[in-house]
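Student: Give me a 3D structure for the following:
(2 chains)
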2 protein chains.
Amino acid sequence: MKYKILLVSVLFCFSLAVDAQFQRGPVIISPEILSDNAVTFKINAPEATAVNVVGNWMENPFAGAGMTKDSDGIWSFTTEPLTPDFYQYSFQVNGVTAIDPSNVKVCRDGSRFTNYFVLPGDQSNLYKVKDVPHGTVSKVWYDSPTLGMKRRMYVYTPAGYEGSTEKFPVLYLLHGMGGDEDAWSSVGAAENIMDNIIAKGLAKPIIVVMPNGNYNQSAAQNVLPANTNFMANYDENAGKFEESLVKDIIPFIDSNYRTYTDSKNRAIAGLSMGGGQATYAGLTNIDKFDWIGSFSGAFVIWPNVRPAPGVNDLNMDAVENIVFPGLDSGVNSKIKLMYLAIGTDDPLIDPQRKFKDWLDDNNIQFENIETPGYAHVWSLWRMNLVEFGSQLFK
Amino acid sequence: MKYKILLVSVLFCFSLAVDAQFQRGPVIISPEILSDNAVTFKINAPEATAVNVVGNWMENPFAGAGMTKDSDGIWSFTTEPLTPDFYQYSFQVNGVTAIDPSNVKVCRDGSRFTNYFVLPGDQSNLYKVKDVPHGTVSKVWYDSPTLGMKRRMYVYTPAGYEGSTEKFPVLYLLHGMGGDEDAWSSVGAAENIMDNIIAKGLAKPIIVVMPNGNYNQSAAQNVLPANTNFMANYDENAGKFEESLVKDIIPFIDSNYRTYTDSKNRAIAGLSMGGGQATYAGLTNIDKFDWIGSFSGAFVIWPNVRPAPGVNDLNMDAVENIVFPGLDSGVNSKIKLMYLAIGTDDPLIDPQRKFKDWLDDNNIQFENIETPGYAHVWSLWRMNLVEFGSQLFK
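Tutor: You can find the predicted model right below:
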């Protein structure tokens, strides 16, 4: 056998599937944060005839902003100065969504993949991977007899969990509609937030369990053998996931992780649909949770409360007599914190306030957070997690 | 306060960042596997003037195949019948890479995100999430004094690990150049393969540890605070990762997981660069590993073996005297399996055969696998993992 010397660079060791972008065109930096916190986006697309950037700092994120092509075929756009935050964006190339090939930071937001970047600031730095001790995030499958399927959840154990014999309190953290067990980790930056607020001494080291809150789904859409319509017949099945959480998930966690199993060491919170689920599960299982958090909670997902299918309103008779029968100020001595947060621009604010008025009328205590200028957005939910997480188990 | 009834559907509960595609245009099924195993791809792109599909079944995956636009602006392309496998593809819309908006199955391949689909078959079904007991995949950070940084790895624990007191053997499974700790899980389908071959009784339940094999990187590019050039000064630092694996990773795993800690219960394998690392770490730590696997191994990454920088050849004097001094047929009674696999179309086959000839000359036993018609591709590495994994610890 002859041994010919192949003049092949180490690049040849790469998979054939390596990015074609890697092998051609100029090096582009995108996004680039300028000194005034404006941000420039660039993409090399000489054959495109219209390129937009679409980002969640825009008033209308579906319209996007037109980019400008230079003579080399590189399109660019610079924003106004932005406030520090975690931002998502994509390009639209001749009308089709494209990931920024210069930015490997991509998050999954339901059925969509978008780029993201963190514009640094005191708050937004909590969303980044910092040089602090890191917890572990595990994708764990468990059996749910209540829902009749194997299901997947994410479990965050704090730095120091491994190698210790200590027990920890547990927060059950729920996603919103369109999301799944991946959402808090991917778009919500939950593990970075927990790592950072624990490292700063703002929060206690805790376990965070992030289940899939869609009653008819075993795991995220990108994992399932086939997609399912996670919204099918939601109203008729309201409360089913919450039942499975109490009957299937909590016993699994308490028997497989080193947890404190009393209610004062167990919290439940969620955003949007998950805020509705957290409030429902919490207030109907007073013996199980002393800490309840709702971030822009969609209370209209509670069983039997909609005046008509799809209507975004609460029938308060149903809330009082069917959803929370017997709930009264007696819970004040039991619940350590009921944190009910929402942005003032959120279309869900009216039913939210209706429920809060009912709590007031019944002398049931809660922490009322209304954040001016925020709609139904992740920017607010990350802040809520920092604020709620910093109060837990104290 | 007035409570106006908002006629807002539950869709309003979605994040504002929900996919714009969701809200417009026809429902498109893509990819669609036809009865003869041809596959049709479709994308709604009325404003595009040229759309290609680029897939790893193509002879030249950088050229792609031109798609055809219908009068509604939907582009489509149908392949020839394909053999069952896990396939990656993207669209190129006016020259820019775009993810298929109809397919939520996306994998990360180094710096690139591509769609994928599994064309069903006896072998490729092992790559899918099936209705079998699932192991847990954890993203775990550990301290590496050897490399001077905190580093991240993925750890697969088999179904049944939780809730038992049993100990398990461990496979250390390494990625290739351009990859990181996410590669085997994302493109390699490693946890699905392990779940399925364990469930079928082909493999024993084992722990699989997937570290980041880039000596100068703490975690995957999409997690790091900043990207690093993972190839910088590779030759000068050859062997450093392998040193950290033995000094930092194995002790961490053995103290934090229920493992058997003897060498007959410890295996190491990898693909491409990782195959080189596995062979180097294995053969220089005979007391630690009884099972060694190389999938299209790049032996040219061993320290001091290149005749000149970047040259894809082995200096066999260096192999014999510097890399593996004293290695002889005495190891045959110790090593249970040295599995050296490569495709016959792989540009790395010549140095591979050169090393195998040297092993033969020195009467050192190994399993010689040359798969006809395969180049340097994941399609082969998944098959190698099935084959190697099914022999381990028996």
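Student: A strand includes residue A:391, no?
Tutor: No. Counting by DSSP: H, G, I helix; E, B strand; the rest coil, one finds residue A:391 to be coil, located in no strand.
Student: Near it, how many residues? Count them for me, please.
Tutor: For residue A:391, the count of nearby residues is 16 (other C-beta atoms under 10 Å in any protein chain shown). Bear in mind the C-beta positions are built from the backbone N, C-alpha and C, glycine included.
Student: In this structure it contacts residue A:338, no?
Tutor: No. Under the contact definition of C-beta atoms under 8 Å, residue A:391 does not touch residue A:338, with a separation of 11.2 Å.
Student: got the contact list for residue A:332?
Tutor: Residues touching residue A:332, when contacts are defined by C-beta atoms under 8 Å, 6 or more residues apart in numbering or on different chains, comprise A:363-365.
Student: List only buried entries from these.
Tutor: Buried members of the contacts of residue A:332, counted by 16 or more other C-beta atoms under 10 Å in any protein chain shown: residue A:364.
Student: Could you dump the contacts of residue A:332 into a markdown table with pLDDT and distance to chain B added?
Tutor: Formatted as a markdown table, those follow (pLDDT from 0 to 100; distance: C-beta to the nearest C-beta, whole Å):
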| residue | pLDDT | distance to chain B |
| --- | --- | --- |
| A:363 | 98 | 19 |
| A:364 | 98 | 18 |
| A:365 | 98 | 20 |
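Student: Please tabulate the contacts of residue A:332 in JSON lines, including the columns secondary structure.
Tutor: JSON lines is the format used below for the contacts of residue A:332 (three-state DSSP):
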{"residue": "A:363", "secondary structure": "coil"}
{"residue": "A:364", "secondary structure": "coil"}
{"residue": "A:365", "secondary structure": "coil"}
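Student: Buried residues, the helix or strand bottoming out on mean pLDDT in chain A. List them.
Tutor: When each helix and strand of chain A is scored by mean pLDDT, DSSP states H and E, strand A:106-109 comes last, with a mean of 90. Residues of strand A:106-109 classed as buried under the neighbour-count rule (16+ other C-beta under 10 Å) are A:106-109.
Student: do it and chain B meet?
Tutor: Yes. For strand A:106-109 and chain B, the contact criterion (C-beta under 8 Å from any C-beta of the partner chain) is met by A:106, A:108-109.
Student: Over to stretch A:68-85?
Tutor: No. Stretch A:68-85 stays clear of chain B (C-beta under 8 Å from any C-beta), getting no nearer than 8.7 Å.
Student: So the residue nearest the centre of chain A versus chain B, what's the distance?
Tutor: Most central in chain A under C-alpha atoms, centre = their mean is residue A:184, positioned 3.0 Å from the mean C-alpha point. Between residue A:184 and chain B the distance is 12 Å, computed by C-beta to the nearest C-beta, to the nearest Å.
Student: What segments of the stretch 1-150 of chain A are strands?
Tutor: Here the stretch 1-150 of chain A has its strands, by DSSP state E, counting those that start in this stretch, at A:32-33, A:39-44, A:51-55, A:65-66, A:68-69, A:74-78, A:85-93, A:96-98, A:106-109, A:112-119, A:136-144, A:149-157.
Student: weakest of these by average pLDDT?
Tutor: Averaging pLDDT over each of those singles out strand A:106-109 as the lowest, with a mean of 90.
Student: Mind listing the strands it pairs with, and their directions?
Tutor: Sheet pairing of strand A:106-109 (DSSP bridges) gives strand A:112-119 (antiparallel).
Student: which stretches of the stretch 101-250 of chain A form helices?
Tutor: Remark: helices of the stretch 101-250 of chain A, listed N- to C-terminal, are A:183-186, A:190-199, A:240-244, A:250-256; assignment by DSSP state H, counting those that start in this stretch.
Student: which of those helices sits most buried?
Tutor: By mean neighbour count, with neighbours taken as mean count of other C-beta atoms under 10 Å in any protein chain shown, helix A:183-186 ranks first of these at a mean of 26.
Student: Packing partners of that helix?
Tutor: For helix A:183-186, the contact count by 3 or more C-beta pairs under 8 Å, 6 or more residues apart in numbering or on different chains; DSSP states H and E identifies strand A:106-109, strand A:207-210 as packing neighbours.
Student: What values do phi and psi take at residue A:259?
Tutor: Here is the backbone geometry of residue A:259 (degrees, to the nearest 10): phi -120, psi 150.
Student: For it, give me its contacts.
Tutor: A:167-170, A:207, A:253, A:265.
Student: In ChimeraX, select just the buried ones from these.
Tutor: In ChimeraX, the members of these classed as buried (16+ other C-beta under 10 Å) are selected with the following command:
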select /A:168,169,170,207,253,265
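Student: Out of the contacts of residue A:259, list just those in strands.
Tutor: In this view, the contacts of residue A:259 that belong to strands under DSSP state E are A:170, A:207.
Student: Distance check, residue A:42 against residue B:353.
Tutor: According to C-beta to C-beta, to the nearest Å, residue A:42 stands 45 Å off from residue B:353.
Student: quick one: which of the two has more around it?
Tutor: With neighbours defined as other C-beta under 10 Å, residue A:42 and residue B:353 compare such that residue A:42 has more, 22 against 16.
Student: residues in contact with the more buried one?
Tutor: When contacts are counted by C-beta under 8 Å, 6+ apart, residue A:42 is found next to A:28-30, A:32, A:74-76, A:102.
Student: Using ChimeraX, define a selection of the buried residues within those residues.
Tutor: The following ChimeraX command selects only the buried members of these, with burial defined by 16+ other C-beta under 10 Å:
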select /A:28,30,74,75,76,102
